[in-house]
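Student: sharing a model that was predicted from the sequence below.
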Amino acid sequence: MGTRRDRPALLEIVVPAFNEADRLPAGLDLLCGKLAGLAARAEVIVVDNASTDGTAGIVESWDGPVPVRLVRCERRGKGAAVRAGLLATRAPYVGFMDADMATDLAALDEAIVLLREGRPVVVGSRRHGRSVVQGYALPVRRLGAITFNRIVRDLVGGIPDTQCGFKFFYGPLGRAAAKDLRTSGFSFDVELLAHCVRRGASVTDIPVVWRDRPGSTFSVRRHSLQCLLDLARIRARAGVRLPLIPVRPNLPVVPLRAVLGEPSPVPVALSEPIALSSPVALSSSVALSHAAALAENVPASRAKTG
């Protein structure tokens, strides 16, 4: 009988990285530790986006509890890196996260549950009513993000936060959307989600715990104009409906919330402590490891988006 590492991965997570030699080791350590504790097998793909530091070397020498492989993308831009990473996946479920791990990894539990229930796209949202956001940059940047998301909500299924770096997809849908992705800059999330919506997929947003991390490469002054131009191009292409990607998970569907009798939605859980200005009650999310103990032929829950 083969080991767990010999089995195909259920989930592959893409981490785009441009000159992330300083932050990547800590980020990979957190991510691999979380994935090693899941009942399902997972892998990580780090996309070296034409870095000039030791990013690639860190990935090539990485020795952790889950496989981490390197994909090189010489075309600069986060969108180009995510596209290359998603196209390199093979798993039934795929997604991407930022190298700084600004989104608390506790949200992975609910994201995987929703994917296995048949939700084709699951994204973290800092503007969800139950999200906890700490240190959200400068007021001008926050105002710009709100304005940006109001402009594009009709393109992305109505979700209020398109730019949170925590997005997961049914694998064939994610790869099809990535193949059509043309935006290499910071607006790529909008186009990626728009490609999914135009294929008939719904988008489910979930609450997250998000901490602002120093070192962001986005600049309101330098990148705002390019983002607006990208949005104009994305909107111009939005009228063309794309072929439907049927969402037919090839693994047993396990509606954990329904079986456990827990209220929907599940509150956010923290994988590490967070200092808040006022008390916030947060309970643990459903542990994915419970799935092995549940019957595999229970009909999928299709509750309204939390």
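Tutor: That came through, no problem.

Student: got a list of what residue 74 touches?
Tutor: By Cβ atoms under 8 Å, 6 or more residues apart in numbering, the contact list for residue 74 reads residue 50. Every C-beta, even on glycine, is put in place using the N, C-alpha and C of the backbone.

Student: where in the protein is pLDDT low?
Tutor: Applying pLDDT under 70 to the chain flags the ranges 1-6, 136-149, 214-225, 239-306.

Student: where do the helices sit along it?
Tutor: Under the criterion DSSP state H, the chain contains helices at 24-36, 55-60, 78-87, 107-116, 139-152, 171-179, 188-197, 220-237, 256-260.

Student: make JSON lines from those and add distance to residue 11 to it.
Tutor: Listed next are the helices of the chain as JSON lines, based on distance: least, Cβ to Cβ, whole Å:
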{"stretch": "helix 24-36", "distance to residue 11": "8"}
{"stretch": "helix 55-60", "distance to residue 11": "18"}
{"stretch": "helix 78-87", "distance to residue 11": "13"}
{"stretch": "helix 107-116", "distance to residue 11": "7"}
{"stretch": "helix 139-152", "distance to residue 11": "27"}
{"stretch": "helix 171-179", "distance to residue 11": "9"}
{"stretch": "helix 188-197", "distance to residue 11": "18"}
{"stretch": "helix 220-237", "distance to residue 11": "28"}
{"stretch": "helix 256-260", "distance to residue 11": "16"}
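
Student: what's the closest residue to residue 120 other than its chain neighbours sitting at in phi/psi?
Tutor: Spatial nearest neighbour of residue 120, excluding adjacent residues (Cβ to Cβ, 6 or more residues apart in numbering): residue 201 at 4.1 Å. Residue 201 adopts backbone torsions of phi -80, psi 140, taken as degrees, to the nearest 10.

Student: any idea how many residues pack against residue 201?
Tutor: 23 (other Cβ atoms under 10 Å).

Student: was I right about it contacting residue 172?
Tutor: No. Residue 201 is beyond contact range of residue 172, at 10.8 Å (criterion: Cβ atoms under 8 Å).

Student: need the helices of the chain in a markdown table with mean neighbour count, can you?
Tutor: Converted to a markdown table, these look like this (neighbours: other Cβ atoms under 10 Å):
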| stretch | mean neighbour count |
| --- | --- |
| helix 24-36 | 18 |
| helix 55-60 | 18 |
| helix 78-87 | 25 |
| helix 107-116 | 25 |
| helix 139-152 | 14 |
| helix 171-179 | 21 |
| helix 188-197 | 25 |
| helix 220-237 | 14 |
| helix 256-260 | 17 |
